[in-house]
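pasting the structure only:
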Ligand SMILES: Cc1cc2nc3c(=O)[nH]c(=O)nc-3n(C[C@H](O)[C@H](O)[C@H](O)COP(=O)(O)O)c2cc1C
């Protein structure tokens with residue numbers, strides 16, 4: 001499991017980040033990743049998880065999918081959002097992984113940064129999420 005970090009992190013301030021991301025999405029700017037993945041060819045299945053930003057896939061994940069060739073692999077997307085859904089995110093995974101088998105994604109409501117709500121998938125919500133995730137993984141035949 002690896003999280004994507006940027007050479008130049010986004011601002012601490014939520015609104016400033018929203019504005020920067022909107023500009024990046026408009027221009028197609030791909031931020032430089034600090035995270036390097038040694039030998040992506042070792043992996044046959046890649047889970048690709050990202051929050052919804054501006055109803056899209058966040059620019060760092062676009063950078064990752066541009067930079068690493070997932071051809072011939074199975075790609076499994078999943079998403080958290082503040083209640084507005086995944087937006088274009090899963091469609092973008094398909095577009096950026098044209099030679100991968102992209103399975104049906106999973107999307108769930110997580111925190112709401114705008115309101116300073118960060119870590120919510122805990123306690124009762126974590127149990128519900130675990131049940132939903134299990135059902136999804138069975139449906140896409142990753143587990144039995
Ligand atoms: C820059 C930015 C833009 C966002 N835009 C959206 C959005 O368009 N729709 C939405 O539902 N949530 C939006 N969110 C909220 C996140 O998707 C949400 O808080 C998510 O649960 C965070 O997941 P995480 O805790 O896994 O990082 C945005 C958050 C940030 C920081």
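Perfect, I can see it now. All values derive from a computational prediction rather than experimental measurement. Residues are numbered from 1 along each chain as shown.

rest of the way, CA atoms for contacts and neighbours
Noted.

could you pull out the strands for the chain?
In the chain, the strands defined using DSSP state E lie at 45-51, 74-81, 101-102, 106-109.

Reformat those as CSV; add mean pLDDT and distance to the ligand.
Shown next, in CSV, are those (pLDDT from 0 to 100; distance: least, CA to the nearest ligand atom, whole Å):
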stretch, mean pLDDT, distance to the ligand
strand 45-51, 98, 4
strand 74-81, 98, 3
strand 101-102, 98, 21
strand 106-109, 98, 6
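
Would you mind giving those as TSV with mean neighbour count added?
Formatted as TSV, the strands of the chain follow (neighbours: other CA atoms under 10 Å):
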stretch	mean neighbour count
strand 45-51	17
strand 74-81	20
strand 101-102	18
strand 106-109	19
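
Rebuild those strands as a markdown table, extending it with distance to residue 125.
Formatted as a markdown table, the strands of the chain follow (distance: least, CA to CA, whole Å):
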| stretch | distance to residue 125 |
| --- | --- |
| strand 45-51 | 17 |
| strand 74-81 | 13 |
| strand 101-102 | 27 |
| strand 106-109 | 10 |
